[in-house]
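In: Here is my input; please provide its structure:
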Amino acid sequence: MSLFIKLFFALQVLLCNSCFAKTIEYDLSFDYKAVTFKGKTTQGMAVNDSIPAPTLYFTEGDTALIHVTNKMDVDTSVHWHGILLPNHEDGVPYVNHPPIKPNESHLFRFKLKQAGTYWYHSHTGLQEQRGVYGAIVIQPANKLPIKFNKEATIVLSDWINENPDNVLHTLKRGNDYYSIKKNSKQNLLSAIQNNGVVSLFKQQLARMPAMDISDIAYDTFLANGKPETFISAKAGETVKLRLVNASTATYYSLQFAQGDIQIISADGMDVVPLNINDFLMAIAETYTLLVKVPENGMFELRATAQDGSGYSSIWIGEGQRVFAPDKEKPNLYQMRMSMPTMKMKMSHHSGHHHVMSSPLNRKTSKVPYNKLKSLTKTVLPKQNSIREIELNLTGDMERYVWSINNEILSESNVIKIKRGENIRFILVNKTMMHHPMHLHGHFFRVINGQGAYSPLKHTVDVPPMGKQLIEFEANESQDWFFHCHILYHAKSGMARIISYEDDPIDLEIESIRHNLYKSESLIYASGSFLSQMTDGLAVVRKNKNSLNINWQVGWQNVTPTDYEINVTYERYFNRFFTTFAGIELKNEFEEGIFGVRYLLPLNFESEWRINTKGQFRTSLENSFQLTNNLNAFADFEYDTGTKIEWGAGLNYSVVKNLGLITQYHSDFGLGAGIRLAF
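Out: Numbers count the residues shown, from 1 in each chain. Sure, this is the predicted structure:
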């Protein structure tokens, strides 16, 4: 094609965009809304009195003019997920602009430079869990449309009737309530039933935490705000279905009742059409599908929570219902056994490292990344220098600390990049959970074996003990957020600021940036109250520092009542190692104590301490889950002053904060009572 013809067509496209581009204006009002699910009414947060929020429609080239009014009594915000826009319009409080205060408004204005399926949500606190999320649909300006008969947008989400702040508090104090509630707590009986005894033993030997797919037991799963939604279409018609996973902590297995569905776009970017049935959709991803309606019936596209705890249904067609197959609950023991460590490989197509996500097992739905292929080449400019950064996704499930390179988000671990570089992130997941990592303001290539046609995405799943390689051109300015899109993980530290070091942030943002790094103190307590004794723990914790109060008081078989109270400052390094110092109060004396705690194989908690009188003490304790609700525990202590002390017992979890307990103690004998947690 001659240069003249190319210029002619380019001019036509430019003129066409100018003629049809419009300013599209929306008014969005954020306010509280009472909602009822599973027979319980709770307070949600709605946009224009709707959960999910209204879908926003644009055409590529339009200018979006969006008025956001906060009618609540708390700060709020809105992030335009996956949209390429000026830095100050991205919507993350203290990263791009101040939060929207109560009874105040903010005007967002940006030009749509792309087409596809995207979404928007609050980036303040845990508001996303309470209902502040909605879809964005941007039609292409010039591309010939794919033929279809009907179009529908479906927003998938998860809902819990409990206040999200209480949910996070429960997770941070190490309570296993949600695993117990959905009957997924790993235990000996379950391991026997699922041929997982060897796996369970290896896990304990390797000091690994129990595997779980989702942190939370959700009350229901929703499609456009309901457990099921309907798309009326006739047999033979093609439905274009725009799917958004706006869940806070749920991946979905997508499966159609009959035949394949076709993926034509991932995260808003067109891909070579892919026929598939049964794939895993990560949190914060979007997929656009074509579904041809089969004959005779209304067919289910089922979005099953990855942990098997529930699903929502999208019914397509007319007539008698045809159900998608039921998904078996994942066998957590077999998933662990089939989880190899992946190795770096060189891609023959691009000369870059090629990292594949780790497979689980054949019955498990998988993300379709290795089959996604861009319609056009996505190679980065060869003249750019390459900056390679390894980011280890780390965490402690029991303490509920989620981090990158073992550090939570802070002002000291900003990732510096320069405009004009090609940035390569090696994402290494060292935890037993999936992490959907989302980069604001950029699209990245997922290196998946497709060479020059690697797909572009804004969110990528990094599977348990697996790796992903992504790369992008640094072509923006100032600071952007990068984080795990499991809401509770991001709020617990798994996030970073990506900062263009040659383009400082605005002074207004710099003056409030410190608010981004603020973390609240966690206060919790648990204690056993038995007929012969009481013992327990109260904690005030902030980041890696905590003030602990341990007590043990016994009155049976002893005169007078015997008590020991330890008040210590503790410094957490990782889930294996903690140091402490403080005072110990006993019946007849008090003394200073210093020591360490270390996690031994088979998950034995060991403690080694010395007091100011030179006396040495070592102790071991462990607990072992027998059934979903019942666990056995034991502890052993040797002290050069008081010699040997030991105890053992059983604890049965009744409800979230209450358990029944029986315990034998070497000094106080046998007793029974209750265990409380707050």
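In: Show residues contacting the longest strand along the chain.
Out: For the chain, the longest strand by residue count, based on DSSP state E, is strand 23-37. Applying C-beta atoms under 8 Å, 6 or more residues apart in numbering, the contact partners of strand 23-37 are 41-49, 51, 53-54, 56-58, 62-72, 76, 78, 100, 122, 131-132, 159, 161, 219-220. Just so you know, the C-beta spots here come from the backbone N, C-alpha and C atoms, and that holds for glycine as well.
In: Quick check: next helix or strand after it?
Out: Using DSSP states H and E, the helix or strand that follows strand 23-37 in sequence is strand 40-47.
In: and that following strand with strand 23-37, angle?
Out: Here strand 40-47 runs at an angle of 170 degrees relative to strand 23-37 (axes from the mean of the first three to the mean of the last three C-alpha atoms, to 10 degrees).
In: can you pull the buried residues of strand 40-47?
Out: The neighbour-count check on strand 40-47 (16 or more other C-beta atoms under 10 Å) flags Thr42, Gly44, Met45, Ala46, Val47 as buried.
In: Check stretch 581-601 too.
Out: Going by neighbour count (16+ other C-beta under 10 Å), the buried part of stretch 581-601 is Gly582, Glu584, Ile593, Gly595, Arg597.
In: got the domain boundaries for this protein?
Out: With domains defined by automatic domain parsing, the chain comprises 20-33+42-140, 522-677.
In: average pLDDT for the longest one?
Out: Just to be clear, that refers to domain 522-677. What domain 522-677 shows for mean pLDDT is 95.
In: Start and end of that domain, how far apart?
Out: Distance between the boundary residues of domain 522-677 (C-alpha to C-alpha, to the nearest Å) amounts to 14 Å.
In: just stretch 158-171 next, same as before
Out: Using C-alpha to C-alpha, one end of stretch 158-171 lies 17 Å from the other.
In: follow-up on the earlier one: partner strands of the longest strand of the chain, with direction?
Out: Applying DSSP bridges, strand 23-37 is found paired with strand 40-47 (antiparallel), strand 63-70 (parallel).
In: Present those as a markdown table; the columns should include mean pLDDT and distance to Asp215.
Out: Shown next, in a markdown table, are these (pLDDT from 0 to 100; distance: least, C-beta to C-beta, whole Å):
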| stretch | mean pLDDT | distance to Asp215 |
| --- | --- | --- |
| strand 40-47 | 97 | 19 |
| strand 63-70 | 98 | 29 |
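In: Can you redo the ones you listed as CSV, where the extra columns are distance to Leu522?
Out: Listed next are the strands paired with strand 23-37 as CSV, based on distance: least, C-beta to C-beta, whole Å:
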stretch, distance to Leu522
strand 40-47, 23
strand 63-70, 28
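In: out of these, which comes closest to Met465?
Out: strand 40-47 (35.6 Å; C-beta to C-beta).
In: How about the contacts made by the residue lying closest to Thr561 once chain neighbours are set aside?
Out: Excluding the flanking residues, the one nearest Thr561 by C-beta to C-beta, 6 or more residues apart in numbering is Trp555, at 4.5 Å. Neighbouring residues of Trp555 by C-beta under 8 Å, 6+ apart: Gln532, Met533, Thr561, Asp562, Phe668.
In: Give me the distance between Trp555 and His665.
Out: 11 Å (C-beta to C-beta, to the nearest Å).
In: so who does the residue nearest the centre of the chain touch?
Out: Centroid check for the chain by C-alpha atoms, centre = their mean gives Ile486 as the closest residue, at 1.7 Å. Residues in contact with Ile486 (C-beta under 8 Å, 6+ apart) are Asp215, Thr248, Ala249, Ile283, Met433, His434, His435, Pro436, Met494.
In: What about those, which are in strands?
Out: Mapping those onto strands (DSSP E) picks out His435, Pro436.
In: Same list, the contacts of Ile486, but as JSON lines with distance to Asn657 and neighbour count please.
Out: Shown next, in JSON lines, are these (distance: C-beta to C-beta, whole Å; neighbours: other C-beta atoms under 10 Å):
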{"residue": "Asp215", "distance to Asn657": "18", "neighbour count": "22"}
{"residue": "Thr248", "distance to Asn657": "23", "neighbour count": "27"}
{"residue": "Ala249", "distance to Asn657": "21", "neighbour count": "24"}
{"residue": "Ile283", "distance to Asn657": "29", "neighbour count": "26"}
{"residue": "Met433", "distance to Asn657": "25", "neighbour count": "23"}
{"residue": "His434", "distance to Asn657": "29", "neighbour count": "24"}
{"residue": "His435", "distance to Asn657": "29", "neighbour count": "28"}
{"residue": "Pro436", "distance to Asn657": "31", "neighbour count": "23"}
{"residue": "Met494", "distance to Asn657": "27", "neighbour count": "25"}
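In: Nearest to Phe678, out of the contacts of Ile486: which one, please.
Out: Using C-beta to C-beta, these come closest to Phe678 at Asp215, 19.8 Å.
In: From Glu295, how far out is the closest one?
Out: For Asp215, the distance to Glu295 - C-beta to C-beta - is 42 Å.
In: Sketch out the low-pLDDT regions of this protein for me.
Out: 1-20, 336-363 (pLDDT under 70).
In: which residues of the stretch 351-500 of the chain fall in strands?
Out: 353-354, 386-396, 401-404, 415-417, 422-429, 435-439, 444-446, 456-457, 459-462, 467-473, 479-484, 495-500 (DSSP state E, counting those that start in this stretch).
In: Using a markdown table, please lay out those together with distance to Phe636.
Out: Output for these, formatted as a markdown table (distance: least, C-beta to C-beta, whole Å):
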| stretch | distance to Phe636 |
| --- | --- |
| strand 353-354 | 48 |
| strand 386-396 | 25 |
| strand 401-404 | 28 |
| strand 415-417 | 46 |
| strand 422-429 | 36 |
| strand 435-439 | 37 |
| strand 444-446 | 50 |
| strand 456-457 | 52 |
| strand 459-462 | 40 |
| strand 467-473 | 40 |
| strand 479-484 | 39 |
| strand 495-500 | 41 |
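In: just to revisit the earlier point, farthest pair in the buried residues of stretch 581-601?
Out: Glu584 and Arg597 (15.3 Å).
In: Make a PyMOL selection of the buried ones in the contacts of strand 23-37.
Out: To isolate the buried ones among the contacts of strand 23-37 in PyMOL, judged by 16+ other C-beta under 10 Å, type:
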select buried, resi 42+44+45+46+47+51+53+56+58+62+64+66+68+69+70+72+76+78+100+122+131+132+159+161+219+220
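In: So what would you say the end-to-end distance of stretch 584-596 is?
Out: Stretch 584-596 has an end-to-end distance of 15 Å (C-alpha to C-alpha).
In: brain fart, stretch 80-98
Out: Distance between the boundary residues of stretch 80-98 (C-alpha to C-alpha) amounts to 15 Å.
In: Tell me which residues of that stretch come out buried.
Out: Across stretch 80-98, burial judged by 16+ other C-beta under 10 Å covers 80-85, 87, 89-98.
In: what about that stretch, distance to the chain center?
Out: Mean-position distance between stretch 80-98 and its chain equals 20 Å (C-alpha atoms, centre = their mean, to the nearest Å).
In: ditto for stretch 302-322
Out: What separates the centre of stretch 302-322 from the centre of its chain is 23 Å, taken as C-alpha atoms, centre = their mean.
In: in that stretch, what's buried?
Out: Here stretch 302-322 shows 302-318, 322 as buried, counting by 16+ other C-beta under 10 Å.
In: ditto for stretch 233-244
Out: By 16+ other C-beta under 10 Å, the buried positions in stretch 233-244 come out as Ala233, Thr238, Val239, Lys240, Leu241, Arg242, Leu243, Val244.
In: Quick check, the first one in contact with Phe148.
Out: So the one you mean is Ala233. No. Ala233 lies out of contact with Phe148 (C-beta atoms under 8 Å); the separation is 10.0 Å.
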